[in-house]
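Participant: Quick one: sequence and predicted model below, then my questions.
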Protein chains: 2
Amino acid sequence: MPKVKKLSIVDIAKQLNISKTTISFILNNRAQEKRISEELVQKVQNFVKEVGYKPNPIAKSLRTGKTKTIGLMVENIADPFFAAIARHIENKANKNGYKIIYCSTDNDTQKTKALLSMFREQNVDGYIISPPVGVEEEIKSLIESHLPIVCFDRHLHDVKTDYIEVDNEASTLKATQYLIDQGFKDIAFITFASTQTQMQGRLKGYQEAVKKNSLPSYIKEVKFNPDEMVVIESILDFLKKHKNLDAVIFGALQAGTSGLKAIKKWAPKRLADLGIISFDDCDVFELFSPSISAIAQPIDQIAEYAIDLLLKRLNNINTSKERKNIIIHTELILRDSSTKNASK
Amino acid sequence: MPKVKKLSIVDIAKQLNISKTTISFILNNRAQEKRISEELVQKVQNFVKEVGYKPNPIAKSLRTGKTKTIGLMVENIADPFFAAIARHIENKANKNGYKIIYCSTDNDTQKTKALLSMFREQNVDGYIISPPVGVEEEIKSLIESHLPIVCFDRHLHDVKTDYIEVDNEASTLKATQYLIDQGFKDIAFITFASTQTQMQGRLKGYQEAVKKNSLPSYIKEVKFNPDEMVVIESILDFLKKHKNLDAVIFGALQAGTSGLKAIKKWAPKRLADLGIISFDDCDVFELFSPSISAIAQPIDQIAEYAIDLLLKRLNNINTSKERKNIIIHTELILRDSSTKNASK
DNA sequence: GTGAAAGCGCTAACAC
DNA sequence: GTGTTAGCGCTTTCAC
């Protein structure tokens, strides 16, 4: 069990009988610039490869202040939406030599503040964040320190960051209008209580649609609870109070799945004629009977834009002070649950 | 936009007019041992808190060789099982002052090797891994370097690591037997082709059960494909070839959901009398009609054991050379799909 | 009880 | 073109 001491740049220098500076230049692709002979460059590169020398990234970080690490902060890494985002970001980050450290905020402001300062102490080079409300000052402080940061899924008011979002308002507006066009009249909007931009946008889209069509508005904002039974009960209460509803729009994936559980438990027969559309898409909606129409977010595209934008900032490709706000369209996937007829 | 220079231990030392050594001792809880006056300790601690000084973890790492980082390597972070594991591990790691850097192997041996050496270069303190077959040598090398490593979900043959697994074989044996007891006779086992220990175990449990009951064995090992349609088609083919099947056991979550899609597409009416049990549980199975019985893995428990064991190793609490292999029981959740009668 | 100083492995300013 | 050397910010040995 020989605890082999890892090679350092000094070892290489000694063995090759040249200075470690030269090696450093060669390894950092500055040979040309420093006009180091092609011959020497080859020699060093071959030797390095042969002995399998890898520069110690920690020493490098200490010196350069760069860690080649991206801090990914999501609401909850166990949520399929965020997990899929994480997956995509990981791929591209790795390809570009970056590692990802992740954490979940639970939309908890205090926790997020602690995590942000953890990332900061850790010297992550860039941030990809789905921020909860209440961390505006901390984010501003990051910006002031010129740390690149990209928000996604939602953004913060009065904080100028790059961000990627879908057109939430237009999406629910369109979905609601679709139900209305189908002939549904008493359409409820069931979502989680939240002041985050994306949630506000979804709510607004629904409100606009019913208002424009002079239809009544039924809004249920469930308080999020990690115990799903509580959420289900809450939705159940609402449904029982409004027996006249003929359609429901769920404002978020979890609201949708919990809502389906509630309906199935309470009045499975109502599924036959209740119009349903949910924000976000998943296997559950595809496989449910009736299959549930969904407002699908292009997850890969969101992740792609986010990591791409961050990498550009990190490489100073996009140095414009101008913040980039990218709005992506969702896709309304029509399945059986949004059709007004008995054949469902 | 004042780019405030972060305080270093030297700054503190200067301002307090004492040596940085003393500060280092105090901050690392070695004041007692070094018999530094209580008074001075208080003074330093107060000052440090007041100015918000945080030691630079990179410098610390360079010196100590510890990074307070755990490398989490899963098959695919977007998979709900692994995402849930990641979530749980994150919580506990953070509480103990560790950060997590994650990556997905895709069960690709070459990719995993690259990721392992990335983790190693990065000097992660410990590893939590769901390893693909083929990285035995690399893992052995980690062990030889005394790096703590915990495997989960599966383990590697002939490599002595700590690991956490469920009793795969017993689980499918029990599930298959349950179907048999219900009166099902032509039971298929549909899973992904894999030589990983957990998959082998699940297959074996099924085989034992049918053999013991002198029933025919129908095995379909689908080649995994990121394009789900290919998987669905493959399952469909198999089902069409074996029209006599009266029950199916799916060996993995994705096999289950893809399988349901296949059945729903091909012959939704068969759902009424086809016995179905799937490994892993999820909302889809609960909400499907009929609701699908499932072999549920206690995800939180698996994650808890994994991170707990790793933290113990990291803190040298469990220094025994003896590797710990923890086998956890699954829960067979009986829903409608496993009952043999027409009332489904 | 406290401090000076070496050194972790690297980069980069500067010297030659 | 290549080498010397000063740090990056910390821990820790050793001296006092």
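Facilitator: Happy to help now that I have it. Nothing here was measured: the structure is a model prediction, and the numbers come from that model.
Participant: My guess is A:Trp266 contacts A:Lys240. True?
Facilitator: Yes. Counting by Cβ atoms under 8 Å, A:Lys240 is a contact partner of A:Trp266 at 7.0 Å. For glycine as for every other residue, the C-beta is placed from the backbone atoms N, C-alpha and C.
Participant: List the residues that contact A:Thr22.
Facilitator: Listed by Cβ atoms under 8 Å, 6 or more residues apart in numbering or on different chains, the contact partners of A:Thr22 are A:13, A:36, A:40, A:44.
Participant: Just put the residues you listed in a markdown table and tack on distance to DNA strand C, secondary structure and pLDDT.
Facilitator: Formatted as a markdown table, the contacts of A:Thr22 follow (distance: Cβ to the nearest atom of the strand, whole Å; DSSP: H, G, I helix; E, B strand; the rest coil; pLDDT from 0 to 100):
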| residue | distance to DNA strand C | secondary structure | pLDDT |
| --- | --- | --- | --- |
| A:Ala13 | 9 | helix | 89 |
| A:Ile36 | 12 | coil | 87 |
| A:Leu40 | 15 | helix | 88 |
| A:Val44 | 12 | helix | 90 |
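Participant: Just among those, which is most surrounded?
Facilitator: Among the contacts of A:Thr22, A:Val44 has the most neighbours (other Cβ atoms under 10 Å in any protein chain shown), with 22 neighbours.
Participant: Verify the stated contact: it with A:Leu16.
Facilitator: Yes. Judged on Cβ under 8 Å, A:Val44 makes contact with A:Leu16 at a distance of 6.5 Å.
Participant: Mutual contacts of those two, please.
Facilitator: With Cβ under 8 Å, 6+ apart as the test, A:Val44 and A:Leu16 both reach A:Ile23.
Participant: Per-residue pLDDT of the residue of the stretch 201-344 of chain A found nearest DNA strand C, please?
Facilitator: Among all residues of the stretch 201-344 of chain A, A:Asn316 sits closest to DNA strand C, at 14.2 Å; criterion: Cβ to the nearest atom of the strand. Per-residue pLDDT puts A:Asn316 at 80.
Participant: Repeat that for A:Lys34.
Facilitator: Looking at A:Lys34, the pLDDT reads 84.
Participant: still on that earlier bit, the residue of the stretch 201-344 of chain A closest to DNA strand C: what secondary structure?
Facilitator: coil (DSSP: H, G, I helix; E, B strand; the rest coil).
Participant: What's the local residue count around it?
Facilitator: A:Asn316: 8 neighbours (other Cβ under 10 Å).
Participant: For DNA strand D, see how far away it is.
Facilitator: Going from A:Asn316 to DNA strand D by Cβ to the nearest atom of the strand, to the nearest Å gives 22 Å.
Participant: likewise A:Val133?
Facilitator: 32 Å.
Participant: How about A:Val159?
Facilitator: From A:Val159 to DNA strand D the distance is 28 Å (Cβ to the nearest atom of the strand).
Participant: what does A:Leu334 give?
Facilitator: On the measure of Cβ to the nearest atom of the strand, A:Leu334 and DNA strand D end up 57 Å apart.
Participant: Enumerate every residue touching that residue.
Facilitator: So A:Leu334 contacts A:178, A:293 (Cβ under 8 Å, 6+ apart).
Participant: what's the pLDDT at it?
Facilitator: A:Leu334 is given a pLDDT of 98.
Participant: Look up phi and psi at it.
Facilitator: phi -90, psi 120 (degrees, to the nearest 10).
Participant: repeat for A:Ala296
Facilitator: phi -90, psi 130.
Participant: How about A:Gln196?
Facilitator: Dihedral angles (degrees, to the nearest 10) for A:Gln196: phi -70, psi 150.
Participant: Contacts only, for it.
Facilitator: A:Gln196 neighbours (Cβ under 8 Å, 6+ apart): A:107, A:132-133, A:154.
Participant: Need the pLDDT of it.
Facilitator: 97.
Participant: you'd agree A:Asn244 is in a helix?
Facilitator: No. Counting by three-state DSSP, A:Asn244 is not part of a helix but coil.
Participant: and the closest residue to it other than its chain neighbours, what pLDDT?
Facilitator: With Cβ to Cβ, 6 or more residues apart in numbering or on different chains as the criterion, A:Asn244 has its nearest non-adjacent residue at 5.2 Å, and that residue is A:Asp186. Listed pLDDT for A:Asp186 reads 98.
Participant: Go ahead and confirm A:Asp186 touches A:Leu215.
Facilitator: Yes. Between A:Asp186 and A:Leu215 there is a contact at 7.5 Å, judged by Cβ under 8 Å.
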